[in-house]
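[1] predicted model and sequence follow; I will ask about them next.
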Amino acid sequence: MVAIKLIGVFLCLLGTTVIATSRLTSPEFCNLQQLTKKQPLQFLQFEGGSVEKYLNQNDEEFQCFGLNPERVTIQTESLSLPNFFPFPRLIFIKEVIISYLAGGVSSQHLQEQQGFFRPDQEGFFFKSTYAGFDRELLAESFNESPQVVSALQEPSNRGLIVKVQQPMRFVTPDEQQFSRGGIPANGLEEGRFCSSKLVFNLNSQREADIFSEQAGKLNLVNEHKLPILSHMDVSAEKGYLQPNALFSPHWTVNSHTLVYVLNGEAQVQVVSNNGQAVLDEQVNKGDIFFVPQFFATTARAGQNGFEWVAFKTNKSPLKSPVAGYTSVFRAMPLEVITNSYMVSPSQAQGLKINRQTESLLFSPISQRS
């Protein structure tokens, strides 16, 4: 199962890789002259896993897009401490065996850190949100002694991901386990309806928005499939291109796009709204790259195919393809094409129909009938 989850805690029995993006305020238009693919520039190693960050606050692309991507790895028998963020977060689970709760340990201090860190370095502590409260008031809130709640307030050098001290089991909303008297045993049964609204499977072939045996598939999730996204004003997609297949040249009308390469490789091109090529590189597993709103992009998969997940800064992003069955060329009269581009009527007809019924995902020329 591959899913998008909006969660606060990952309880893991196996290694989990999490690709997350945080949505901050961003301008509607970016006048960038050059884009580059990116690998992590900051690596935080903790007791039970790691966090890799791709951007810093001074990065021009960060300021333009208002997106802050990171990759989280949780090791076997480890736990990501309860935490919260002061902005919406959209999370893609690459490898998943998890339960989920909620909590709060601020990670705002991470945003200004650079380079490689270990939690045992002098002065590198993670401060609990509880540390800011008066101990007596906090003790009254929990109806516990000040000595007990002091454990919530003390800084730790274990980091944000820690090793568990005893075996853990998964707690799922659909478990039929009740204590005597009919009271729920784990406290999560009543949350099954809420959790169903926070999760969407992006790996289902049956629910793919576009599917082609020769070209690949594309799964989208927006506010219509996951209503909570309407409150966050974000969305996502997961796609796969068969070897040598092509992602049609297109541009997104109303959102920026952040792309993370899951597997394979592709030659990616991004062109600004004034026709300037701002990115023309081969991207590989682990790379990320941005596509600004109004910029056109295309990708050709390599010999190993191309699999990606993309985060969008709009709850219902709109793609406008410039080639293929649903493109603007398909809708143009022949006379407009012939006179605009000085081509013959037969050539104009080819531009309109050569891709027949293919849209966005194009099969390699050698595989077309």
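    That came in fine, so what should we check first? Residues are numbered from 1 along each chain as shown.
[2] all strands of the stretch 201-350 of the chain, in order?
    210-212, 216-221, 235-241, 246-252, 257-271, 277-284, 288-291, 296-312, 319-321 (DSSP state E, counting those that start in this stretch).
[3] also the stretch 51-200 of the chain?
    Going by DSSP E, counting those that start in this stretch, the stretch 51-200 of the chain shows strands at 67-74, 78-80, 89-95, 115-117, 161-163, 200-201.
[4] would you single out the least confident of those strands?
    Of all those, mean pLDDT reaches its minimum on strand 115-117 (a mean of 41).
[5] quick revisit: can you say which of the strands of the stretch 201-350 of the chain is nearest to Y341?
    strand 246-252 (15.3 Å; Cβ to Cβ). Glycine gets a C-beta too; all of them are placed from N, C-alpha and C.
[6] not counting its own residues, what contacts that closest one?
    215, 239, 241, 266, 291, 293-301, 306, 312, 317-324, 327, 358-362, 364 (Cβ atoms under 8 Å, 6 or more residues apart in numbering).
[7] change it to 7 Å
    241, 293-300, 317-324, 360-362 (Cβ atoms under 7 Å, 6 or more residues apart in numbering).
[8] please report how far K238 lies from F311.
    Noted for K238: a distance of 11 Å to F311, by Cβ to Cβ, to the nearest Å.
[9] for the two, indicate the residue with more neighbours.
    F311 (27 against 23; other Cβ atoms under 10 Å).
[10] what's near enough to touch the more buried one?
    T21, L67, L90, V234, A236, L258.
[11] gap between it and E47?
    Going from F311 to E47 by Cβ to Cβ gives 29 Å.
[12] low-confidence stretches in the protein?
    Counting by pLDDT under 70, the chain shows low-confidence ranges at 1-20, 22-30, 84-86, 95-98, 100-127, 156, 168-196, 366-369.
[13] which residue ranges of it form helices?
    Under the criterion DSSP state H, the chain contains helices at 60-65, 135-142, 146-153, 192-196, 229-232, 328-331, 334-341, 345-353.
[14] show me which positions of the longest one end up buried.
    Of the residues in helix 345-353, those with enough neighbours to count as buried (16 or more other Cβ atoms under 10 Å) are A348, L351, K352.
[15] please apply the same query to the fifth one.
    Under the neighbour-count criterion of 16+ other Cβ under 10 Å, helix 229-232 has L229, M232 buried.
[16] now do it: everything it contacts.
    For helix 229-232, the external contacting residues (Cβ under 7 Å, 6+ apart) are R23, P88, N222, E223, S235, K315.
[17] ditto for the third one
    Where contact means Cβ under 7 Å, 6+ apart, the residues beyond helix 146-153 that reach it are S128, Y130, A131, R135, E136, L138, A139, F142.
[18] just the buried members of those residues?
    Counted by 16+ other Cβ under 10 Å, those give S128, Y130, A131, L138, A139 as buried.
[19] of all those, which comes closest to D209?
    S128 (42.3 Å).
[20] returning to that earlier point: let me know the closest of the contacts of F311 to S272.
    Closest to S272, out of all of the contacts of F311 and judged by Cβ to Cβ, is L258, at 17.2 Å.
[21] check contacts around the closest one.
    So, once contact is read as Cβ under 7 Å, 6+ apart, L258 ends up touching T21, F65, L67, P69, I288, F290, A310, F311.
[22] quick check: beta-bridge partners of it?
    F290, F311 (DSSP bridges).
[23] now the strands of the stretch 51-200 of the chain as CSV including mean neighbour count?
    Shown next, in CSV, are those (neighbours: other Cβ atoms under 10 Å):
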stretch, mean neighbour count
strand 67-74, 22
strand 78-80, 23
strand 89-95, 19
strand 115-117, 12
strand 161-163, 19
strand 200-201, 18
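[24] P40: neighbouring residues, count only.
    17.
[25] before we move on, what about Q166?
    5.
[26] so what's the backbone phi/psi at it?
    The phi/psi pair for Q166 (degrees, to the nearest 10) reads phi -150, psi 160.
[27] look up how far E77 lies from it.
    9 Å.
[28] how near is the closest residue in space to A296 that isn't next to it in sequence to D280?
    Excluding the flanking residues, the one nearest A296 by Cβ to Cβ, 6 or more residues apart in numbering is W251, at 4.2 Å. Applying Cβ to Cβ, the value for W251 to D280 is 16 Å.
[29] can you check S150 too?
    Going from S150 to D280 by Cβ to Cβ gives 57 Å.
[30] ditto for L361
    Distance of L361 to D280, computed by Cβ to Cβ: 21 Å.
[31] same question for I93.
    In terms of Cβ to Cβ, I93 sits 31 Å off from D280.
[32] near T21, how many other residues are there?
    Neighbour count for T21, taken as other Cβ under 10 Å: 27.
[33] return the set of residues that bridge with it.
    Applying DSSP bridges, one finds that T21 bridges with P69, L90.
[34] no further queries at this time; thank you.
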